[in-house]
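S.K.: generate a structure from the sequence data that follows.
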Amino acid sequence: MPGTADPQFRQDVLAGLSAPIPAVPARWLYDLRGSELFDEITRLPSYYPTETETALLKQIMPELATAIPRGTAVVEFGAGSATKTPLLLEAIAPAAYVPVDISGDYLGSSADMLRERFPDLAIYPVAADFARPFELPGEVLDPPKLGFFPGSTIGNFVPRTATDLLRHFRDLLGTGSLLLIGMDRVKPIERLLAAYDEPEGVTASFNLNLLERINRELDGDIPVDAFRHEARWNDMLSRIEMHLVATSDVEFTVSGKPFAFKAGESIHTENSHKYPRRGARLLLLAGGWTPVAEWEDPAGDFSIVLAQAQPNRFAP
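M.R.: Here you go, the predicted model:
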């Protein structure tokens, strides 16, 4: 309902649609329906990141179990359906698990499923935008902490914002904490485009759902069928971009504010940056995390890095 819409959602949409290059932050793709659609995307044959990362996690868990201190609290950023989480929880037997996700409804259902599977594990869900300041539950302030950030979600952020996000994680988790992060690698353009614009059309539905959400929550009258999903590879910026492209001239209102798009103009909704090995390490270092171990799948498509928030050094 318009009256109950998140004020930040309204602010971001109105500002984004008015911008010289129209864009809406990707986090607003993940309402309950968007989260369900993304979970469906991760099971598609062409969407390689999930299967590749899951297989790699299974392979490295024995090594991780020896590297992570006992009694650690796991904080997962953007937990979603937490499909990879049981692998980690089973391997390291943490003291507590804190899933953080912007979709409160989806977060609650996934937390309930984990409680059934791990009845002795303390689980403290936090409904929050992990890219903005939030507080950890008091029960996990003292134990050592492991941040878990799988799925190459870091790739959704431009490098400047990704650096700020990693620094935010460092401040939240504290010096000495660990971060386990998945990062997608650069690969042939054909494979990248196939993963983000698959023939099943689920990614298109996921992208277009943003317009449905705007109509529903922000009193919009966007003709959704006047837009189409498009995935683009931006080689200069090393990223896949998702756009909603107007198929004809279109006018609409959102929260009473009028907008007009000409045919071919687009709303930029998401990025997925792809990092080469050294680029990934440099990004982590810039964000205050020192890589201590790194693993990749046999094809070199995907990497998982374990990094530590080491004390700031007085000098090089």
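
S.K.: quick check, distance from stretch 46-60 to the centre of its chain.
M.R.: Computed by Cα atoms, centre = their mean, to the nearest Å, the chain-centroid distance of stretch 46-60 equals 16 Å.

S.K.: and what of stretch 218-232?
M.R.: On Cα atoms, centre = their mean, the centre of stretch 218-232 falls 22 Å from that of its chain.

S.K.: start to end distance for that stretch?
M.R.: Stretch 218-232 has an end-to-end distance of 28 Å (criterion: Cα to Cα, to the nearest Å).

S.K.: report the buried residues of that stretch.
M.R.: 218, 219, 220, 222, 226, 227, 229, 231 (16 or more other Cβ atoms under 10 Å). Bear in mind the C-beta positions are built from the backbone N, C-alpha and C, glycine included.

S.K.: list the contacts for the residue sitting nearest the centre point of the chain?
M.R.: Note on the chain: the residue nearest the mean C-alpha position is residue 153, at 3.5 Å, using Cα atoms, centre = their mean. Residue 153 is in contact with 77, 78, 182, counting by Cβ atoms under 8 Å, 6 or more residues apart in numbering.

S.K.: try residue 93
M.R.: residue 70.

S.K.: how close does residue 211 sit to residue 252?
M.R.: Separation of residue 211 from residue 252 (Cβ to Cβ, to the nearest Å): 9 Å.

S.K.: what strand or helix carries residue 40?
M.R.: Following DSSP states H and E, one finds residue 40 within helix 32-41.

S.K.: which strands and helices sit next to that helix?
M.R.: helix 104-117, helix 202-217 (3 or more Cβ pairs under 8 Å, 6 or more residues apart in numbering; DSSP states H and E).

S.K.: for that helix, buried residues please.
M.R.: Buried positions in helix 32-41, judged by neighbour count with 16+ other Cβ under 10 Å: 33, 34, 35, 36, 37, 38, 39, 41.

S.K.: so the first one is in contact with residue 209, correct?
M.R.: Meaning residue 33. Yes. Taking contacts as Cβ atoms under 8 Å, residue 33 lies within contact range of residue 209: 5.5 Å.

S.K.: taking the buried residues of stretch 218-232 one by one, which sit in strands?
M.R.: 227, 229, 231 (DSSP state E).

S.K.: spatially nearest residue to the first one (excluding sequence neighbours)?
M.R.: Setting aside the residues directly before and after it, residue 227 is nearest to residue 244 in space (Cβ to Cβ, 6 or more residues apart in numbering), at 4.5 Å.

S.K.: please consider this matter closed, and thank you.
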